[in-house]
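Novice: this one's structure only:
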């Protein structure tokens, strides 16, 4: 790993983009099916969801924009896609399935955006970027699951849409440790500031 | 790694999407600056470029659609973005810089699309998906560099645009081994068929 | 008008793109609120909806892809936008409002895509283009309302996504005649083949 | 026309979105080929280009973001599309053609974005929206040509991306009068504030 890091350092990766003027919180796929190791999740994801509550409360008290995502497919399959072709288990995440509901502890309030998506990125064909534009957001703070899946895809897209992007290390998790670690490394080197919850809370209090 | 694989297997990942009716070849960022370890590349990337020639020749002889990408930023910085903020070394990839030219061995022909991009994915705000639509493509065969960077981002986007997606293992490479391996694992489990060049050549000959 | 036409003809506009290999039917915003002159509609739109049934039946019998759109805003306004800022009447089109339900005569079947949108184009951040890609579609046949609003926006986007685009003259309508006529002219000159229902039915029978 | 207006008024159209916090100027397709009536233009477009200089100067002096677009197709046709299929005259707008160069009077400066596009909207697959995001823009002031073509398409997309959108009546023009008038009406009713140059200059001075 030291070798890998030194190559990235030598070539000029690993910079920081920081916080801008206005931050939004994007909670990716914290749904019942992804906190359950017997469905598509892991105990680490359940822990990350609990860690997220404090952050969500701060965003709420600061009246900053908050968006949640769920994966939702049509009951009769009208919007099945290449993703469901490769991972048929996703098809069970239908509108009323227990597995596709956001976990109780992070239940959205009525003024928060809830996106239903059928693919990895929270931004892809969902209108999230336009929603952020209307609210003057320039920084996305991203939490949720899985680190190597929808978090990675959402983080790359957040940067591609030109938002300063922050991943909260304690509030993202995966179904296995190695992909979690590898993707945090990639994101930090190239796409996002990977910070502890403590650092993020402190930054937001400063900006208040 | 065995543990990781068994978790993914148990949860139903690792399926195949296969080849469809018509394949395009997408060559991502095979430019001088990415084959040079003293700039942004590695010797492995130079090797992957050489491995790609045989595949490119087959796509040419079958008259299948071919698209190349380069990273190109404005000389005076008008299109600098969050990516250049984090990785300032990218700014040297200007229109006429040696580093941003496609490597000689894979030089595009006049009827092939050459995309100039300023971010990771070959699809992001480049018009690539529309170009493929007009040509009736349903399958993207992706090669280039780096595995953990623009290949990963392009592969996720190819699947998100609902193309059956294939990564050619021998024709993608990275600046370091661990991210290369980790990203091939993620892509195979979730987004794309990761195949050897031999398998891809054989499939294309069959479809001929 | 003759002068206008001769300018366009002289400059080379008014070509045809024709039908391709596989057509989809896109029904834009045929909802209760847009067939009612006391809400956001007109009697002409109600007529266009009835004219559409025969076309919908043919697409169903040929098992061709069918997508419907509705305009749907959140009850509590979480996804209000610049469009609702300019046209507050749109806010009443909530999930369960009578006005936002698709008209009975064109009620979608379970295997047809139903898109909920918050803006003009059926393609904008809705996933429609990806859905068409997965189904191998290269031609969009567009019907619905209003000609000068969501039809125009959807038709421009269909062409921009590189679909051959057809507007069915008898199956689109507006709340006023002059914008209807002006937009049919613009679309025919630049973006889409504007054909009668009879011509479209005949073309589809030929392709069968 | 009075009837049309009263229908729109009764149904609640014709609202204003106003100016926000930060405005960008988007100059659409002010190129030699579009000011020349013998190519794709008209004398009215040449006039609109001259009217635009004062506005461009103000944006420059206020150091506000400025983006220009050109239509540019590949010499050898690699990126021809449905638009060129319908309007073959567009193919002559190649990189080095006189017709595709921005008119002298509005020649871009090195820190201004110059977008090369192959379709109608300045936003479609061009990265313009991301560029505006990075600069904190929430309002697009749009000028150029033609009113019924690339202006209309760009204005609809600006609103769809959730920018407050302003069309400067004196600085947009068309190849024929009737489509110009009809499209100004549609845009004002639904998508953008249509203002005189005098009003826009005055607003910007106020915001200074």
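Specialist: Looks like it came in fine. This structure is a prediction, so every number in the text was calculated from the model and none was measured. Numbers count the residues shown, from 1 in each chain, chains lettered A, B, ... in the order given.
Novice: all strands of chain A, in order?
Specialist: Under the criterion DSSP state E, chain A carries strands at the ranges A:23-28, A:66-71, A:113-117, A:139-145, A:164-173, A:193-195.
Novice: got the ones you listed as a markdown table, with mean neighbour count, mean pLDDT and distance to residue D:66 columns?
Specialist: The C-beta positions use only the backbone N, C-alpha and C, and glycine is treated the same way. A markdown table is the format used below for the strands of chain A (neighbours: other Cβ atoms under 10 Å in any protein chain shown; pLDDT from 0 to 100; distance: least, Cβ to Cβ, whole Å):
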| stretch | mean neighbour count | mean pLDDT | distance to residue D:66 |
| --- | --- | --- | --- |
| strand A:23-28 | 26 | 98 | 27 |
| strand A:66-71 | 23 | 98 | 31 |
| strand A:113-117 | 19 | 98 | 32 |
| strand A:139-145 | 27 | 98 | 25 |
| strand A:164-173 | 25 | 98 | 23 |
| strand A:193-195 | 21 | 98 | 30 |
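Novice: now distance to chain C too, for the ones you listed, in TSV please.
Specialist: Formatted as TSV, these follow (distance: least, Cβ to the nearest Cβ, whole Å):
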stretch	distance to chain C
strand A:23-28	13
strand A:66-71	9
strand A:113-117	5
strand A:139-145	17
strand A:164-173	20
strand A:193-195	27
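Novice: listing request: residues of chain A with sub-threshold pLDDT.
Specialist: Along chain A, segments meeting pLDDT under 70 span A:1-2, A:207-208.
Novice: biggest helix in chain A, by residue count?
Specialist: With DSSP state H applied, the helix covering the greatest number of residues in chain A is identified as helix A:43-61.
Novice: now find how far off-centre that helix is within its chain.
Specialist: From the chain centre to the centre of helix A:43-61 is a distance of 12 Å (Cα atoms, centre = their mean, to the nearest Å).
Novice: and if you look at stretch A:163-183?
Specialist: Counting by Cα atoms, centre = their mean, stretch A:163-183 comes out at 9 Å from the chain centroid.
Novice: wait, does it make contact with chain D?
Specialist: Yes. Using Cβ under 8 Å from any Cβ of the partner chain, stretch A:163-183 reaches chain D at residue A:163.
Novice: do that stretch and chain B meet at all?
Specialist: Yes. Remark: stretch A:163-183 sits within contact range of chain B at A:163-165, A:175-179, A:182-183, by Cβ under 8 Å from any Cβ.
Novice: put the buried members of those into a PyMOL selection.
Specialist: To isolate the buried subset of the residues of stretch A:163-183 next to chain B in PyMOL, counting by 16 or more other Cβ atoms under 10 Å in any protein chain shown, use the following:
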select buried, chain A and resi 163+164+165+175+176+178+179+182+183
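Novice: okay if I get the residues of stretch A:163-183 next to chain B as TSV plus distance to residue C:82?
Specialist: Supplementary listing: the residues of stretch A:163-183 next to chain B in TSV, determined by distance: Cβ to Cβ, whole Å:
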residue	distance to residue C:82
A:163	19
A:164	23
A:165	24
A:175	40
A:176	43
A:177	44
A:178	44
A:179	39
A:182	40
A:183	35
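Novice: looking at the residues of stretch A:163-183 next to chain B, which are in helices?
Specialist: If you go by DSSP H, those have A:177-179, A:182-183 in helices.
Novice: for residue A:184, give me its contacts.
Specialist: With contact set as Cβ atoms under 8 Å, 6 or more residues apart in numbering or on different chains, residue A:184 has these partners: A:147, A:167, A:169, A:172, A:194.
Novice: hmm, 7 Å instead?
Specialist: For residue A:184, the contacting residues are A:147, A:169, A:194, by Cβ atoms under 7 Å, 6 or more residues apart in numbering or on different chains.
Novice: with respect to chain D, which of these is nearest?
Specialist: For chain D, the nearest member of the contacts of residue A:184 is residue A:194. The distance, counting by Cβ to the nearest Cβ, is 20.9 Å.
Novice: in space, what's closest to that closest one - neighbours in sequence excluded?
Specialist: Distance criterion Cβ to Cβ, 6 or more residues apart in numbering or on different chains; nearest residue to residue A:194, sequence neighbours excluded, is residue A:188 at 4.3 Å.
Novice: and the one you found, how far is that from chain D?
Specialist: Between residue A:188 and chain D the distance is 21 Å, computed by Cβ to the nearest Cβ, to the nearest Å.
Novice: for that residue, grab the count of nearby residues.
Specialist: Here the neighbour count serves as a burial measure; for residue A:188 (other Cβ atoms under 10 Å in any protein chain shown) it reads 20.
Novice: how far away is residue A:29 from chain C?
Specialist: If you go by Cβ to the nearest Cβ, the gap between residue A:29 and chain C works out to 17 Å.
Novice: surely that residue touches residue A:147?
Specialist: No. Taking Cβ atoms under 7 Å as the definition, residue A:29 is not a contact partner of residue A:147, at 11.3 Å.
Novice: from residue C:181, how far out is the nearest residue to residue A:200 once chain neighbours are set aside?
Specialist: Distances taken as Cβ to Cβ, 6+ apart put residue A:168 closest to residue A:200, at 5.4 Å, once the chain neighbours are dropped. Using Cβ to Cβ, to the nearest Å, one gets 55 Å for the distance from residue A:168 to residue C:181.
Novice: repeat that for residue A:75.
Specialist: Using Cβ to Cβ, which is the criterion applied here, residue A:75 is 42 Å from residue C:181.
Novice: neighbour count for those two, which is higher?
Specialist: Each of residue A:75 and residue C:181 had its neighbours counted (other Cβ under 10 Å), and the higher figure belongs to residue C:181 (16 against 12).
Novice: tell me which parts of chain A are close to chain C?
Specialist: Remark: the part of chain A in contact with chain C comprises A:76, A:78-79, A:81-82, A:110-113, A:118, A:125-127, A:130-131, A:134, using Cβ under 7 Å from any Cβ of the partner chain.
Novice: ok, these vs residue D:67, which is closest?
Specialist: Using Cβ to Cβ, residue A:130 is the member of the residues of chain A next to chain C that sits closest to residue D:67, with 18.1 Å.
Novice: so the closest one sits against residue D:158, correct?
Specialist: No. Distance between residue A:130 and residue D:158: 10.8 Å, which falls outside the contact criterion (Cβ under 7 Å).
Novice: what about these two, which has more around it?
Specialist: For the pair residue A:130 and residue D:158, the greater number of neighbours falls to residue D:158 (29 against 24), based on other Cβ under 10 Å.
Novice: who in chain A is up against chain D?
Specialist: By Cβ under 7 Å from any Cβ, the residues of chain A that approach chain D are A:21, A:130, A:133-134, A:136, A:138, A:161-163.
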